[in-house]
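*Asks:* Take this sequence and fold it.
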Amino acid sequence: MVKSALEQKIIDALEAIAPEHGIDIVDVEVVGATKAPCVRVRIDRADGEAISLDEVTAQSKWVSDAMEGLDPIAGSYTLEVSSPGMARPLRRPSDFVRFTGEDVELTTTATEGRRKFKGTIASADDAGVTLALEGDETVTIPHDEIKKCTLKPVYDFKGGKGDK
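*Replies:* Sure thing, here's the model as predicted:
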């Protein structure tokens, strides 16, 4: 996954501490103005269960303390700590393996004349990910060419009140 040097520095620092809190660092993004950027840290439980908002709130303290100790940005910045959400980012080879069979939206540096792909993860390993696209087409993309990949959320409106 292509990350900026700053984002990777933050990921490395947080991933060193996260296991002692039972947390998985899903993703880090630095966005916004260069004078006062926003650092978004997405976390989840390391055991694979979904994290609750109360747990995110409780975990925010150590994330904030770690960021303060790291001091990655000169000047002020906003820190956002959140769950990965329904459109969960996939960053590591293990993420792609875990979500094999799921639909994703993926952006690359430029593979086979395309930059954007929508499909289902057919397989994944340490080298790359194979997507099943529409029709019987497949494409294999090396991890170092993936710029961004998120799960494509599935909304089920049929399970509402009263099943009308």
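
*Asks:* isn't His143 right next to Val129, touching?
*Replies:* Yes. Under the criterion of CB atoms under 8 Å, His143 makes contact with Val129 at 7.1 Å. The C-beta positions use only the backbone N, C-alpha and C, and glycine is treated the same way.

*Asks:* If you count surrounding residues, which of those two has more?
*Replies:* Val129 (27 against 18; other CB atoms under 10 Å).

*Asks:* Now name the helix or strand holding the more buried one.
*Replies:* Counting by DSSP states H and E, the element that carries Val129 is strand 128-132.

*Asks:* for Asp27, same thing?
*Replies:* With DSSP H and E as criterion, Asp27 is part of strand 23-31.

*Asks:* Now tell me what touches that strand from outside.
*Replies:* If you take CB atoms under 8 Å, 6 or more residues apart in numbering as the criterion, strand 23-31 is touched by 3-4, 6-7, 10-11, 14-15, 18, 37-46, 59, 73, 84, 88-89, 91.

*Asks:* Just those: which are in helices?
*Replies:* Members of the contacts of strand 23-31 lying in helices (criterion: DSSP state H): Leu6, Glu7, Ile10, Ile11, Leu14, Glu15, Gln59.

*Asks:* what are the ranges of the strands in this protein?
*Replies:* Listed in chain order, the strands of the chain (DSSP state E) span 23-31, 38-45, 78-82, 103-111, 114-124, 128-132, 138-142, 146-151.

*Asks:* Switch those over to TSV; also include mean pLDDT and distance to Asp95.
*Replies:* Listed next are the strands of the chain as TSV, based on pLDDT from 0 to 100; distance: least, CB to CB, whole Å:
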stretch	mean pLDDT	distance to Asp95
strand 23-31	95	8
strand 38-45	96	10
strand 78-82	96	17
strand 103-111	87	10
strand 114-124	94	8
strand 128-132	96	10
strand 138-142	93	14
strand 146-151	94	8
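
*Asks:* Nearest to Lys158, out of those?
*Replies:* For those, distance to Lys158 was read as CB to CB. The smallest value, 18.2 Å, belongs to strand 103-111.
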